[in-house]
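Enquirer: This is a predicted model, with the sequence first.
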Amino acid sequence: MLGKREVPALSNLNLTVNAGEFIAIMGPSGSGKTTLLNVIGCIDKPTNGQVLLDGIDVGRMPESQLYKIRRDKMGFVFQTFNLLPYLNARENVELPMEGRIKSKNERKQKASNLLQLVGISGRENHRPQRLSAGEQQRVAIARALANNPAIILADEPTGNLDSQNKQEIIKLLANLNLNQGTTIIMVTHDSQAANHTERMLLLKDGKILKEKQGLQTLKKRKTP
Amino acid sequence: MGIVTRAIRNISRRKMRALLVIIALGFSMAIMISIPAGVFANQEAAQDLTDNLSNIISQTGATINQTLTQIECSLAPDMAGYGFSRPDISTTSPGQPGQAPDVRVFDPSQFGGGAVSGMFGGGAFAGGQANPMNESLYTDISSLAGVAAVAPILQASQGQNVTMERMGRTYTRLVPDYVIEGIPLTLEVIDNYPILPTNITAGRNLQAGDSGVVLLSENNSAFFEAGVGDSITILDQTFTVIGIHGTSSVSDLTTLYMNLSDAQAVTNNTGFITSLKVFAESSSLVTQISNEISSLHPELTVSTAQQRLDQLTSLQTMYNTTLENAEASLGQTQALAIQEILVVISATSLIVLFVMLYTVRERTKEIGTLKAIGFSNTTVMSQFMLEGVLLSLMAGVVGIAIGVIAAPTLSSLLLPSVNLFGTTSGGGFFANPQPLSATAAVNPQLILLAFGASLLLGALGSLYPSWRAAKIRPAEAMKYE
C-alpha cells in the first residue's frame, strides 16, 4: 500500500526453485525482492496466486499451520542478524529447536555442533553484543540451520559486513548448498556475492526481468 | 532455555524500569491487602464490642434474677468521686449512735475515680465512686423487719492519677489499675447470698474466716504478675493469692476480693464501708424495706430489682443503638473499601497493561524474528503473558512485605475510623467509652489473596498486549525499527 493506493509488490511472477538450488534475487530498492522472499518463506501471504511448496499451496494456509512450515522447512538469515540480545550464541541457535527437540542436552549439543560448523565454536557463551558483525551473522546462519531446513532464505546476509566477512559468509552459504544440498534463496544488492550462486534473478517492479547463471553451477558440474 | 528463563531475562534486561514498575505495583498490592486488613480489624473490634455488650446484658440479667430480694444502699456519688481536686472538702469523723450516719467524703488518694465497680454500686454509672459511710449503718438496717441479711461492702480503686483539662479547668483523675472489694467473710452471708464470684478458674474461692488472702481476677493476675500461692503487695501489705476468678454475674474483671476487715485496714478505712447489700426475707418485702430505708436514711441511694430491671432496659436500648451505629459505620467503611479496592485493581491492571504494551512495541522486531524462526502465536502470547504475570508476582511479594509493615498506617489513611458510639461520647453506662481499637494486620489469607490478585491482575493486564504481540504479522514486524 502506498497511501490509499494499492501497489502490487509482485505481479505476474512465476518462479520455480528446485531442491538444492542456490539462487540470488537482485534488483533495485522497491523491486519486490524482500516481498518475494517473505512470500516464499511463509511470513507474508500473496493476495493472489499460489505459493507451492512440495506441491502444497502454502499461500492459503492458516497461521496455525504456517509456523510449523517455517520452523521445520525454512531457515531465515537477516541483514541485521536479528539475534536476541539477552541470549548467548548457543541459546540463540537453540531457539528454533524448542518446538521440535524436547531434550535440553540434545538441543545444547546440536547448537554447539552448528556453531562449530559455521566456525565460531569458541564463542558460544558470548552474547551478540560481544560478537563481531561477521560472528553474529555466522550465529544467525547456525540458527537458520537448527532444524535442518530444506530452504534457507537469506535477506541481504552480507549487507552489514566488511569485504572479508562478506566473502566468508558467501563461502559458508555456498558450501552449505554444495555439501549439504540445502536450497538457498538469497536477496542481495551485491553482484559479487550473487556471482557465487547458481542462478541470478533480476527483479524490477515486481517482475522477473532477467535470469543468469552463476559460479556455483560450474562448481556443481565439477563436483562428482 | 525455557520460556520462564527467557521471561526472567527479559524482565532483568531493563532493571531500572522493572524495579520502578515492581515498586509501583507493589504499593498497589500493599494497599489492596491493607484495606481488607483494616476492614477485618474493624469488624473484629466491633464484634468484640457487641459480644462484650451482650455479655454485660446477660450477666446483668442473671444478677437481677439472682438478687430479686437484694436492695443496694450507698451514698450518692460526690463530685469527689471523679477524683477532681476538691481541697475545700474535708474528712469528717465517724458519727455517734442515733445520729444520721456520718459521711466521710471521698478521699481521692485512697479511692480515685472512674472505677466502674459494678452495675449498681454507688457511682457506678457516672464513673465516680461511692462515698464511704459509717459501718454502724449495718446495725440500723439489719434490725429492720423483713431483712434477712445485710452485707457491708467496701470498694476502693487503686491506679494512676491522670491530669486532664475540661472547660478550661485542670482536673486530676484516677485511672484504676484494680479495684479492692472487701466482703464480710461470714458463713451466713457467703453461703446464702450471691456476693462472691462464682467462676473460679484457678485455686479456690474465698471462705469464711479467710484473712490475709486475696481472690484475683484474671486481669489482676496479669497486672500483679502473680498466680495462686504467690504473694503480692497491696498498699504496702502482703497478701497471698488464694484463687483466680473469671467473669461471672457478680464479678468485675478488675476487681480483687478480700475480707472486709482486711480491705478496711489496707485502705485505712477501718469502720467505713461504701455500700450495703440488703437481702429481704422474700421478694414481696423488697419495696417495703426499700421505702423504709429511704425514709430512715434519705441520704442513701437505694436501688431494688425493679429499678435495676429499668436500668437493664435502658442498657439494652443503648446496646441496640450502639449496634446500629456500628453496623451503619461498618457498612460505610466497607462500601468505601470496595470502591478503593476497585480503583486499585484498575490502576494495577492499567500499569501492567501499559508496561506490557510498551514492551511489545519495543520488541516488535524480536516478535517478528521469533515468528519467522517458527514460534507459534500461542508461544509468543504465553511468553508475554508470563512476563506480565512474573512482573506482577514480584510486585506481589514486594506488596506483601510493604503490607505486613505498613498495613495499620495504610488502612488508617484510607479508611474512616469506625464510630460505634454515635453521638454518645461519654457518661451513661460507658463512663469511659474506649475508642475502637482496630489494628489492621495482614494474615495468611490476605497473603494468599495478594498472590492470587498478583497472578490475576498480571494475567489480566498483559492479556491484550500479549494478544497483540501474537497477532503481529512477521513480515511487518521485520520492518519495524
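Expert: Noted; the coordinates are in hand.
Enquirer: Tell me the helices and strands packed up against the host helix or strand of residue B:302.
Expert: Element membership of residue B:302, judged by DSSP states H and E, is strand B:300-303. On a contact count with 3 or more C-beta pairs under 8 Å, 6 or more residues apart in numbering or on different chains; DSSP states H and E, strand B:300-303 meets strand B:70-75, helix B:286-296. For glycine as for every other residue, the C-beta is placed from the backbone atoms N, C-alpha and C.
Enquirer: Could you export those as JSON lines, including mean pLDDT, distance to residue B:382 and mean neighbour count?
Expert: Shown next, in JSON lines, are the helices and strands packed on strand B:300-303 (pLDDT from 0 to 100; distance: least, C-beta to C-beta, whole Å; neighbours: other C-beta atoms under 10 Å in any protein chain shown):
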{"stretch": "strand B:70-75", "mean pLDDT": "78", "distance to residue B:382": "78", "mean neighbour count": "26"}
{"stretch": "helix B:286-296", "mean pLDDT": "87", "distance to residue B:382": "83", "mean neighbour count": "16"}
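Enquirer: okay if I get these as JSON lines plus distance to chain A?
Expert: As requested, the helices and strands packed on strand B:300-303 are exported to JSON lines (distance: least, C-beta to the nearest C-beta, whole Å):
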{"stretch": "strand B:70-75", "distance to chain A": "84"}
{"stretch": "helix B:286-296", "distance to chain A": "90"}
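Enquirer: what about stretch B:380-400, distance to the chain center?
Expert: 41 Å (C-alpha atoms, centre = their mean, to the nearest Å).
Enquirer: What residues sit buried inside that stretch?
Expert: For stretch B:380-400, the buried set under the neighbour-count rule, 16 or more other C-beta atoms under 10 Å in any protein chain shown, comprises B:380-400.
Enquirer: So is that stretch next to chain A?
Expert: No. Using C-beta under 8 Å from any C-beta of the partner chain, stretch B:380-400 stays clear of chain A, with a minimum separation of 9.4 Å.
Enquirer: Kindly provide the whole-number mean pLDDT of that stretch.
Expert: For stretch B:380-400, the mean pLDDT works out to 90.
Enquirer: picking that back up, put the alpha carbons of the strand holding residue B:302 into PDB.
Expert: Extracted in PDB, the C-alpha atoms of strand B:300-303 (Å, rounded to 0.1, in the frame of the first residue of the first chain):
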ATOM      1  CA  LEU B 300     -28.800   6.900 100.800                       C
ATOM      2  CA  THR B 301     -29.300   5.900  97.300                       C
ATOM      3  CA  VAL B 302     -31.500   2.800  97.400                       C
ATOM      4  CA  SER B 303     -32.000   0.500  94.400                       C
END
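Enquirer: what lines up beside it in the sheet?
Expert: Using DSSP bridges, strand B:300-303 pairs in its sheet with strand B:70-75 (antiparallel).
Enquirer: can you list the residues that contact the strand it pairs with?
Expert: B:103, B:120-123, B:130-131, B:133, B:137, B:141, B:193, B:274-280, B:286, B:289-290, B:293, B:297, B:299-305 (C-beta atoms under 8 Å, 6 or more residues apart in numbering or on different chains).
Enquirer: which secondary structure elements does the helix or strand that comes right after that strand contact?
Expert: Downstream of strand B:70-75, the first helix or strand assigned by DSSP H and E is strand B:133-134. When contacts are defined as 3+ C-beta pairs under 8 Å, 6+ apart, strand B:133-134 packs onto strand B:272-273.
Enquirer: Tell me how far whatever helix or strand comes next after the strand it packs on lies from the chain's centre.
Expert: Proceeding N to C from strand B:272-273, the next assigned helix or strand is strand B:275-280, under DSSP H and E. What separates the centre of strand B:275-280 from the centre of its chain is 33 Å, taken as C-alpha atoms, centre = their mean.
Enquirer: Next: stretch A:93-109.
Expert: 20 Å.
Enquirer: can I get the CA coordinates of it in PDB?
Expert: Coordinates of each C-alpha in stretch A:93-109 appear next as PDB, following Å, rounded to 0.1, in the frame of the first residue of the first chain:
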ATOM      1  CA  VAL A  93      20.900 -21.200  18.000                       C
ATOM      2  CA  GLU A  94      18.800 -23.400  20.300                       C
ATOM      3  CA  LEU A  95      15.700 -21.200  19.900                       C
ATOM      4  CA  PRO A  96      14.100 -22.800  16.800                       C
ATOM      5  CA  MET A  97      14.700 -26.300  18.200                       C
ATOM      6  CA  GLU A  98      12.400 -25.700  21.200                       C
ATOM      7  CA  GLY A  99       9.300 -26.800  19.500                       C
ATOM      8  CA  ARG A 100      10.900 -29.900  18.000                       C
ATOM      9  CA  ILE A 101      13.600 -31.300  20.300                       C
ATOM     10  CA  LYS A 102      12.500 -31.900  23.800                       C
ATOM     11  CA  SER A 103      15.800 -32.900  25.300                       C
ATOM     12  CA  LYS A 104      17.700 -29.900  26.600                       C
ATOM     13  CA  ASN A 105      21.000 -31.600  26.300                       C
ATOM     14  CA  GLU A 106      20.300 -32.700  22.700                       C
ATOM     15  CA  ARG A 107      19.500 -29.100  21.800                       C
ATOM     16  CA  LYS A 108      22.600 -27.900  23.500                       C
ATOM     17  CA  GLN A 109      24.800 -30.400  21.700                       C
END
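Enquirer: Is there proximity between it and chain B?
Expert: Yes. Judged by C-beta under 8 Å from any C-beta, stretch A:93-109 comes into contact with chain B at A:94-96, A:98-99.
Enquirer: Of those, grab the buried ones for ChimeraX.
Expert: To isolate the buried subset of the residues of stretch A:93-109 next to chain B in ChimeraX, counting by 16+ other C-beta under 10 Å, use the following:
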select /A:94,95,96,98,99
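Enquirer: Could you pull up the contacting residues of the closest residue to residue B:35 other than its chain neighbours?
Expert: Of all residues not flanking residue B:35 in the chain, residue B:337 sits nearest, at 4.9 Å (C-beta to C-beta, 6 or more residues apart in numbering or on different chains). By C-beta under 8 Å, 6+ apart, residue B:337 lies in contact with B:35-36, B:38-39, B:414-415.
Enquirer: Which element, helix or strand, includes residue B:406?
Expert: helix B:377-414.
Enquirer: Tell me the helix or strand right after that helix.
Expert: helix B:444-471.
Enquirer: If we go by neighbour counts, what in that following helix is buried?
Expert: B:446-447, B:449-451, B:453-454, B:457-463, B:465-466, B:468-470.
Enquirer: So what's the gap between that helix and the chain middle?
Expert: On C-alpha atoms, centre = their mean, the centre of helix B:444-471 falls 39 Å from that of its chain.
Enquirer: So which residues make contact with the next helix-or-strand element following it?
Expert: Beyond helix B:444-471 on the C-terminal side, the first helix or strand identified by DSSP H and E is helix B:474-479. Residues outside helix B:474-479 that contact it (C-beta under 8 Å, 6+ apart): A:35, A:38, A:43-44, A:78, A:82, B:364-365, B:367-369, B:371-372.
Enquirer: just checking, residue B:262 is part of a helix?
Expert: Yes. The assignment for residue B:262 (DSSP: H, G, I helix; E, B strand; the rest coil) places it in a helix.
Enquirer: what about it, how many neighbours?
Expert: For residue B:262, the count of nearby residues is 22 (other C-beta atoms under 10 Å in any protein chain shown).
Enquirer: Same check on the one 4 residues further on?
Expert: The local packing count at residue B:266 equals 20, with neighbours defined by other C-beta under 10 Å.
Enquirer: Equivalent analysis for residue B:210, please.
Expert: Around residue B:210 there are 20 residues (other C-beta under 10 Å).
Enquirer: Could you tell me whether it really is in a helix?
Expert: No. Counting by three-state DSSP, residue B:210 is not found in a helix; it is coil.
Enquirer: List the contacts of it.
Expert: So residue B:210 contacts B:185, B:242, B:258-259 (C-beta under 8 Å, 6+ apart).
Enquirer: Perfect, I'm done here.
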